[in-house]
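Participant: My questions concern the predicted model and sequence given below.
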Amino acid sequence: MTLNVSAIIRLLSPELILLITAFVVIGVDLARRRQDDGRTAATVAVVGLLLAAFASVLLYLSQPGEIVLFTMAIDVYGLFFKTAAFIGIALVIIGSVNFMAGRSKYLGEFYALLVFAALAISVAVSATNLILVYIGIEFLSITSYILAGFLRGDKRSEEAAIKYFLYGASAGAILLFGLSILYGVTGTTDMATIGDLLLRSDSAHWLGLVALMMVLAGIGYKASLVPFHQWAPDTYDGAPTPVSAFLSTASKAAGFAVLGRVILTAFPQFQPDWTQILGAIAVLTMFLGNLTALKQKSVKRMLAYSSIGQAGYILLGLAAVNASPDFGGVNGLMIYLFGYIFTNIGAFLLLLAIEKKSGGSTDMEQFDGLATRSPVIALLMAFFLISLAGVPPTAGFLGKFYVFAAVMNQQMLVLGALAALNTVIAAFYYLNVIRHMYFSESTVEGGVSASKGLMTVLVVNAVMILAIGVFAQFFMVWVNNSVTMLVANGF
Amino acid sequence: MVGQILFIIIAAFTLLMGLGTVVARNLFHAALFLVGVFFGIAALFILLEAEFLAMAQIIIYIGAIATLIVFAIMLSKGMMGREAGAYNKQWYFAGGAMILFFGLLSWLLVKMPFAAANASAPDDAIQQIGSGFVGHYVVPFEVASVLLLVALVGAIMLARERN
Amino acid sequence: MNYPSVFNLTWLIPLPTALAFFAIILFANPKKRLSSNIAVGAVILAWIMSWAVAIVFFLNPELTEHPFDLNAPWLPMGTITFHMGVAVDAVTAGMLFMVGFVLTMIFIYSTGYMSFPGHLDPAKYPDAAKEGLDPRYSRFFAYISLFATGMLGLVVANNLLMLFIFWEIMGLCSYLLIGFWFDKSYPDPKQITPKQAGLKAFLTTRVGDVLFMMGLIFLFIHAGDLNFQAIFGNQEFLHELSTSTVNLPFFGAVTWAGLISMLIFWGAIGKSAQFPLHVWLPDAMEGPTPVSALIHAATMVSAGVYLIVRMSPLFSAAAHGGSGVMMFVAFIGAFTALFAATIAVAQKDIKKVLAYSTISQLGYMFAALGIGAWVAAIIHLLIHAFFKSLLFMASGSVIHGVEHGHHHVHEHGEHGHEGYFDPQDMFNMGGLLKRMPVTGWTFIIGGASLSAFPLITAGFWSKDEILAHAWADGHMAVYWTLAAGAFLTAFYTFRQIFLTFFGSPRTEAAEHAPESVRAMTWPLVALAFFALFGGFVAVPEDFPVIGGLASDFMAKLMEMQGEFYGLHVAPAGFNWTPALISMTLALSGIVVAWLVYGRKPLAAGKPDPLRKPLGPIYTILENKYYFDEFYHLVAVRPTLWLAQFFFLFDRNVIDRIVNWVGALGRWLAAALRRWIDEFIIDAAVNGAGLVTTWTGAVVRLIQTGQAQNYLLILLLSVVVLLLLIPLK
Amino acid sequence: MTVPLSWYLIFATALFSLGFFAVLSRRNAVAVLMGVELMLNAVNVNLVAFWRYLTPSDLSGQIFVVFVFTVAAAEAAVGLALMISIYRTRKTINVDEINDLNL
């Protein structure tokens, strides 16, 4: 395929927009530092991210098919995750402007780093080459370490960063070892070719499995899959709350997207193996996340564990992947993540308002009687929680419906039953917060207020959650095209 | 035969240096051992006819990373000051796990018969690597450069003196 | 087919109350009277639309052959698109008729009932106490509006998924409503609080809901659609479903139809509080009384029956395929009917009696569905809703009266402090008929209907039809179980009436109880009308004398609808034997109640006269067969253990192995001690509440905070994964 | 090429294990970072050996190694900066003493 320069620029436009945005953000901030608490920089970043999201949508609408350009695939699957991640990060930025102002002197860098993280995600989710997979994941990780430790001098933030750093660096090395074996077995770094070669060679099966296991550990930690999850609660808890929102949504979605693409393109013939392993990991992830979340007193930590539990459900989509055009599994994973990004960003960012009121604590007591003190905030929180619990007609239900359907479709009855059991457990602790908000006497005086930006984000999230659930058609048409990718890979 | 002996010497040296890095209580000593490892790896690269990488290894690892580590040690004098020991409580267990991991992984790797291609390394390797960077691998290349920039910005921001 | 244009309104029916919910939560919240006016206005609008649709349908019986169905695309699935929409057939019309009316009555009643609650300290809420309204008055109306949306949406849904969605909305609302008086607590720690009761209700029904959802997904995978008419109009598909089998662990090969029906039935068991998931309903009485009427009589619990009514073609296909699902339904229904009736006999709380009675009556409906008496089940469902919501609301009126009486006594300081007073305990009442005539007489009408007092009450006609069916189709075991239940029903109902309304007041509070306000009594009168005459829409044609005079158009209509769905719904036909037996049993129940409680009214402070003759049986009944304790032991405990296990798993076990043995020993000892404590001494502690109160040391074991421990786990996990390879 | 490929692989695995051991057991964060560098170097040996023995004409193996260099450098820079930052706050960079977040 020959491509002229303008076509290349068009295909890479989301990435180019982000790159330019990041530099402009830093430049603008240098010019206006200390004058407006980074508001200009944040505005530029949000505009850039939304433009990039818009560019991805346009590219999607042009029906790109299977274009692979310099080790990057411009396809439906990647563009979907790009759009979701860009919008998610834009929401995080809008919601965090007030929180970050005054907490750090380097606000321009903060927003620029979030834009760079978006760029990293964008590269990682479309990587078709082991080298780009590795670079993309590490780029995202390194950006995340800096973001997690952004509040210099804050013990918790620093601790969150160093833990994430140590875990990420080690897991990255394991991933790299796995990729090197994959390269050794097949002699190429192109994932589609690897998939082909592994299919043809029987003797490679053995080492292919070794590589698969290492890749699972090396990418799975990004998606906080048990037993590679342990960094997550500490980091989500200690990192600045907007960063936790980012890590538990956009970054996690990227982890799933990369994991999905790698195992679907490079390991398709190992499906019987990874179906079992992923199924087991999904069960462990759900149980551990949900049961541990039950005991948390701090809502932030509860959400940290809950987002581990959620990862378990999401993984079901991958574990039960099949060629059915209706319940292929991958479409479930995608729509689940799409809804989950809005829900979890909403829930985490809402904590900003609570933290501001309480001076940092997000303990259950802060939620007591919130429905009386601040009915709108309480309603929004309740809304996010019921979406997380998977109650219809929210986005959370839609996602659960599709992944469960995929599991049922594969007749993995035990897995389905265990997952179902988990929704019961999870309902318990989500409801617990609602219970505190609606059924308890206030122990704290006075309402909780949210800044205009934060309120906008919360409302946008709530509207999106409802919109995804109610106008499911619009979103599912989009997602279902991804099934073509599966069929192309011989499922 | 010569190659084998050479390999054994270099490998043994490197592993010893690696062991030194791991066990040395004094961080400066550990850093010095690490430099030794980097040299050993560079030598292995030459043995494998990857001269460009050997050069890059010396320039980047010894010239940049090892220096950075030494700087960091010096910037935070007393980093190793009041430690009760160099190892944490789980070290013996970690050692056991590591031996298990090593045994298992090397057994798995050796079981696989690799089909070695008996070709010689190309003469224009450096040229090919270069054109790879601006050709097929241009996206990773650009991403890597942005990554370095981000790391630079982040490192400066994090490590800067507070006032 | 040209449909009457009023049917196009159908999709609007759930809308007014939904808008009312948002309007109250977002805008009207501070203004209490405005909030209740919005809610009542919205529900009246919904009522008018429901009746318009229902009555137009009743006037055009030929529509049963062409049920109305309106669709809009919603979920694309790749090859197929899932449609959302509304449908109207005879069952929907009947339900709309009942639900619209009962909801409106309950809303109006609530405006009077939700006055300032006695358990709150007026000093704490000075404004609310001055107004005399509940401090969260507006919120109550918001919740019940959303609840009404759930029920109305469920009734008009034309597919199983939409039904499920509204079903879940109702579940959420019932949780919020049962726990509405969350700040209430009791001196007796064993008594369940509203907070715990809400949680218990939600979690127990959730067990059923999850199974229901699995059934739903299976059905969807097989049918490619969930629209009722698309599925049940397709006989081939039903046949295929009832012949293809699936291998399950433990159960072996079962047909798909059997499996799906069974899963769906468990959803109904949870929602309709059937054995063994019945435990939540009696505790749910902790909610305000309109909630009990709303959720536990007319709407939510009957949704389970409605679901099985809807899914009956699938169940009968399953039965044709040789699976015992119908038998199972009949068994659960009949067993629950008797089981709950026995418990009701020994309850003291006026609302708990009604709660168990509801469980028991729902059992009748399931039994009817299980033996194929489809029409009888629907009729009983509709009529039961009228008289049971009447009974609940009348009992609420009684409680209100006694509470006011208690206050009156208190304020005038005639007795000083007398400690805790339970205004729901029937042994604190007596002689209330004189003090509260409207409440009393409407309660007696409702009670007579519930006891199936022959000929003049609605309950007689609907219940008699079920018994006649059981007899005619030769289901003798079911017949005798239900007949025994009918005797007990009459007995406990009249026990309640005699204890509450007759004799002389047993406490000062009862002596001073005033009649309730008009907003509460008028709905009672309106409902009493239906409790008496509602049965005349389903009098069997061949019933002597009356059969010719009264109408049976509703039964006919349902019959036609059932035939359209391919069900065998021929009427049982009149038979003297079962009719006489059941009449005798109902009357003798009333007579026995009179002998025990009515002839010589119980004096104040005396125990229940049944206690002595029944001995230990009474204790067992009083404790509801110890079911709560059993669940605590087999379900809640193991869950906690599992939770414990995972904490331990997640911790770095190795480097503290020595500390561990000691800790484990201590933990085991403590757990054992606690277990014994709780099982023997503290057995009634509610399990769900316990999970939340579980505190302390265990939480600290989850994560050590040591990054290198985490990394060790990472490495070990990789080693385990690698070990899987050679083991393969 | 008289040296068998497996020798390189075993050597790399050994070095990788050594590095991981340092990561797991050294208290000082800088020493842990050195362990990470050992691990990355070990994989580089893997990659180069695979390239030389299996596909000498296709240089993607070597290119991969160059990218690993870049990542290693960036990681070391950020990691060390983090450690300096933490040292200023806590006066220690012993990994096992940084455990405030643990419930």
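Facilitator: Structure received.

Participant: Endpoints of stretch A:120-137, how far apart?
Facilitator: 7 Å (C-alpha to C-alpha, to the nearest Å).

Participant: How far off centre is it?
Facilitator: 15 Å (C-alpha atoms, centre = their mean, to the nearest Å).

Participant: Let me see the mean pLDDT of that stretch.
Facilitator: Mean per-residue pLDDT for stretch A:120-137: 93.

Participant: try stretch A:142-156
Facilitator: What stretch A:142-156 shows for mean pLDDT is 91.

Participant: Then stretch A:16-35?
Facilitator: In this model, stretch A:16-35 has an average pLDDT of 86.

Participant: So which residues make contact with it?
Facilitator: Residues from elsewhere that reach stretch A:16-35, judged by C-beta atoms under 8 Å, 6 or more residues apart in numbering or on different chains: A:9, A:38, A:40-41, A:44-45, A:47-49, A:51-52, A:55, A:86, A:107-109, A:111-112, A:115-116, A:118-119, A:122, B:146, B:153. Every C-beta, even on glycine, is put in place using the N, C-alpha and C of the backbone.

Participant: in that stretch, what counts as buried?
Facilitator: Using 16 or more other C-beta atoms under 10 Å in any protein chain shown as the test for burial, stretch A:16-35 gives A:16-19, A:21-22, A:24-26, A:28-29, A:33.

Participant: So which of the residues you listed are in helices?
Facilitator: Using DSSP state H, the members of those that fall in helices are A:16-19, A:21-22, A:24-26, A:28-29.

Participant: I'd like those laid out as a markdown table, including distance to residue D:63.
Facilitator: Shown next, in a markdown table, are these (distance: C-beta to C-beta, whole Å):
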| residue | distance to residue D:63 |
| --- | --- |
| A:16 | 23 |
| A:17 | 27 |
| A:18 | 24 |
| A:19 | 22 |
| A:21 | 29 |
| A:22 | 26 |
| A:24 | 31 |
| A:25 | 31 |
| A:26 | 30 |
| A:28 | 36 |
| A:29 | 35 |
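
Participant: Farthest-apart pair in the residues you listed, please.
Facilitator: Pairwise distances across these (C-beta to C-beta) peak at 20.6 Å, for the pair A:16 and A:29.

Participant: Return the member of the ones in helices among the buried residues of stretch A:16-35 nearest to residue A:477.
Facilitator: residue A:17 (25.2 Å).

Participant: Name the nearest residue to the closest one, ignoring sequence neighbours.
Facilitator: In this structure, residue A:17 finds its nearest non-sequential neighbour in residue A:52, 4.4 Å apart by C-beta to C-beta, 6 or more residues apart in numbering or on different chains.

Participant: can I get the CA coordinates of the helix or strand hosting that neighbour in CSV?
Facilitator: Element membership of residue A:52 [criterion: DSSP states H and E] is helix A:39-61. Presented in CSV, the C-alpha positions along helix A:39-61 are these (Å, rounded to 0.1, in the frame of the first residue of the first chain):
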residue,chain,number,x,y,z
ARG,A,39,-6.8,27.3,33.9
THR,A,40,-5.6,28.3,30.4
ALA,A,41,-3.4,25.3,30.2
ALA,A,42,-6.3,23.0,31.2
THR,A,43,-8.5,24.6,28.7
VAL,A,44,-6.0,24.0,25.9
ALA,A,45,-5.5,20.5,27.0
VAL,A,46,-9.2,19.7,27.1
VAL,A,47,-9.8,21.3,23.7
GLY,A,48,-6.9,19.3,22.2
LEU,A,49,-8.2,16.1,23.7
LEU,A,50,-11.7,16.7,22.4
LEU,A,51,-10.3,17.5,19.0
ALA,A,52,-8.3,14.3,19.0
ALA,A,53,-11.4,12.4,20.1
PHE,A,54,-13.3,14.1,17.2
ALA,A,55,-10.5,13.1,14.8
SER,A,56,-10.8,9.5,15.9
VAL,A,57,-14.5,9.5,15.4
LEU,A,58,-14.1,11.0,11.9
LEU,A,59,-11.5,8.3,11.1
TYR,A,60,-13.9,5.7,12.4
LEU,A,61,-16.7,7.0,10.2
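
Participant: Point out the other elements, helices or strands, that that helix touches.
Facilitator: helix A:13-32, helix A:76-100, helix A:107-125 (3 or more C-beta pairs under 8 Å, 6 or more residues apart in numbering or on different chains; DSSP states H and E).

Participant: and the very next helix or strand once past it, which residues are buried?
Facilitator: Counting by DSSP H and E, the element after helix A:39-61 in chain order, helix or strand, is strand A:67-69. Across strand A:67-69, burial judged by 16+ other C-beta under 10 Å covers residue A:69.

Participant: Residue D:56 belongs to a helix?
Facilitator: No. Applying DSSP: H, G, I helix; E, B strand; the rest coil, one finds residue D:56 to be coil, outside a helix.

Participant: Find the residue closest to residue C:402 in space, skipping its chain neighbours.
Facilitator: Using C-beta to C-beta, 6+ apart, the nearest residue to residue C:402 is residue C:423, at 4.3 Å.

Participant: what about chain D, any weak spots by pLDDT?
Facilitator: D:1, D:102-103 (pLDDT under 70).

Participant: Show me what from it comes close to chain C.
Facilitator: Within chain D, the positions near chain C by C-beta under 8 Å from any C-beta of the partner chain are D:20, D:23-25, D:32, D:95-96, D:98-103.

Participant: now these as CSV including neighbour count and secondary structure?
Facilitator: Formatted as CSV, those follow (neighbours: other C-beta atoms under 10 Å in any protein chain shown; DSSP: H, G, I helix; E, B strand; the rest coil):
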residue, neighbour count, secondary structure
D:20, 30, helix
D:23, 31, helix
D:24, 25, helix
D:25, 26, helix
D:32, 27, helix
D:95, 23, helix
D:96, 20, helix
D:98, 22, coil
D:99, 17, coil
D:100, 16, coil
D:101, 20, coil
D:102, 15, coil
D:103, 17, coil
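
Participant: Kindly indicate which of these lies nearest residue C:66.
Facilitator: residue D:103 (63.0 Å).
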